[in-house]
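In: I would like the atomic coordinates for the input below:
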Amino acid sequence: MLELQRPDSLVMRVVNAIRAEIDNGQLAPESRLPTEQQLAEQLNVSRSVVREAIAQLKADGVLTARRGLGSFISQTPAGTVFRFPQTNGRRPDLAQMFEVRLWIETQAASIAACRRDAGDLQRMKHALQQMHDKRTDLEAAALADVEFHRAIADASKNDYFVAFHDFLRNQLASARKTAWENSARIASGSTDALQEHEALYQAICDGDAHAAAATAEAHLRAAAKRLQLELPATH
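Out: The predicted structure follows:
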């Protein structure tokens with residue numbers, strides 16, 4: 001019998017209950033999921049909540065639909081889509097996301113310094129110019145910021161890192177714009193952020209892996225502070 005265990009939003013509670021049954025072997029790969037009505041009665045929620053939870057699990061690759069037969073556990077029940085965990089229905093924790101970004105992007109910058117080519121450097125330089133030229137246009141400046149970091153990701157020559165960077169980019173889109181807005185309110189304006197990006201570009205351009213990692217870390221810590229976040233020490 002399925003039971004709700006966590007005080008998250010109703011949809012997430014249903015998602016987690018079904019995932020728990022898959023994890024403990026009660027719902028095996030390719031087995032049929034109970035009907036919406038059965039799940040609604042077992043979990044004491046509405047069918048619309050169950051329907052939304054099933055739709056998310058299908059989107060994540062946990063469930064598959066068979067026409068006229070219902071929903072089945074997929075052959076890859078762990079799913080094929082990555083999501084950040086949510087607590088009490090809230091969006092992912094911004095401080096923890098920045099910490100993950102700190103760990104990953106410092107290494108990516110270091111690798112990019114060793115693997116970048118002329119095309120990568122040109123993209124970074126163009127993005128820097130856009131950040132400078134559009135510094136009073138917060139939307140455009142934030143987009144140029146994204147492009148700069150995407151160019152670094154591409155310079156790593158690792159498709160998996162690029163894919164994860166794109167996922168993080170979508171999660172942090174509003175935070176990046178907020179950081180530029182906060183920069184605009186302080187005395188130095190966006191100058192600090194621009195100088196941080198320029199220092200990072202120069203280290204990668206110079207092929208200095210150690211300096212690239214150090215400047216990437218300094219930039220990310222400063223960006224976090226512009227969002228009133230204090231990142232923990234890494235060593």
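
In: Break this structure into its domains for me.
Out: The chain breaks down by automatic domain parsing into domains covering 10-73, 94-225.

In: which stretches of the protein form helices?
Out: Ranges of helices within the chain are 10-23, 36-43, 47-59, 94-115, 118-133, 138-155, 159-171, 173-185, 191-205, 209-225, based on DSSP state H.

In: Just checking the distance from the second one to the centre of its chain.
Out: In this view, helix 36-43 has its centroid 32 Å away from the chain centroid, taken as Cα atoms, centre = their mean, to the nearest Å.

In: name the helices or strands packed onto that helix?
Out: Helices and strands touching helix 36-43, by 3 or more Cβ pairs under 8 Å, 6 or more residues apart in numbering; DSSP states H and E, are helix 10-23, helix 47-59. C-betas here are computed from N, CA, C, even on glycine.

In: coming back round to it: ranking the domains of the chain by mean pLDDT, which is last?
Out: The minimum mean pLDDT among the domains of the chain belongs to domain 94-225 (a mean of 86).

In: Find the centremost residue of the protein, please.
Out: residue 168 (2.5 Å; Cα atoms, centre = their mean).

In: about what we covered before: now, of the domains of the chain, which is deepest in the fold?
Out: domain 94-225 (a mean of 18; mean count of other Cβ atoms under 10 Å).

In: Compute the first-to-last residue distance for that domain.
Out: Domain 94-225 has an end-to-end distance of 12 Å (criterion: Cα to Cα, to the nearest Å).

In: Kindly report the same for stretch 152-163.
Out: End-to-end for stretch 152-163, by Cα to Cα: 13 Å.

In: Contacts for it next, please.
Out: 104-105, 108-109, 111-112, 115-117, 120-121, 123-124, 150, 165-166, 200, 204 (Cβ atoms under 8 Å, 6 or more residues apart in numbering).

In: do the same with stretch 98-114
Out: Outside stretch 98-114, the residues touching it (Cβ under 8 Å, 6+ apart) are 120, 149, 152-153, 155-158, 161, 164-165, 168, 172, 200, 203-204, 206-217, 220-221, 223-224, 227, 229, 231-232, 234.
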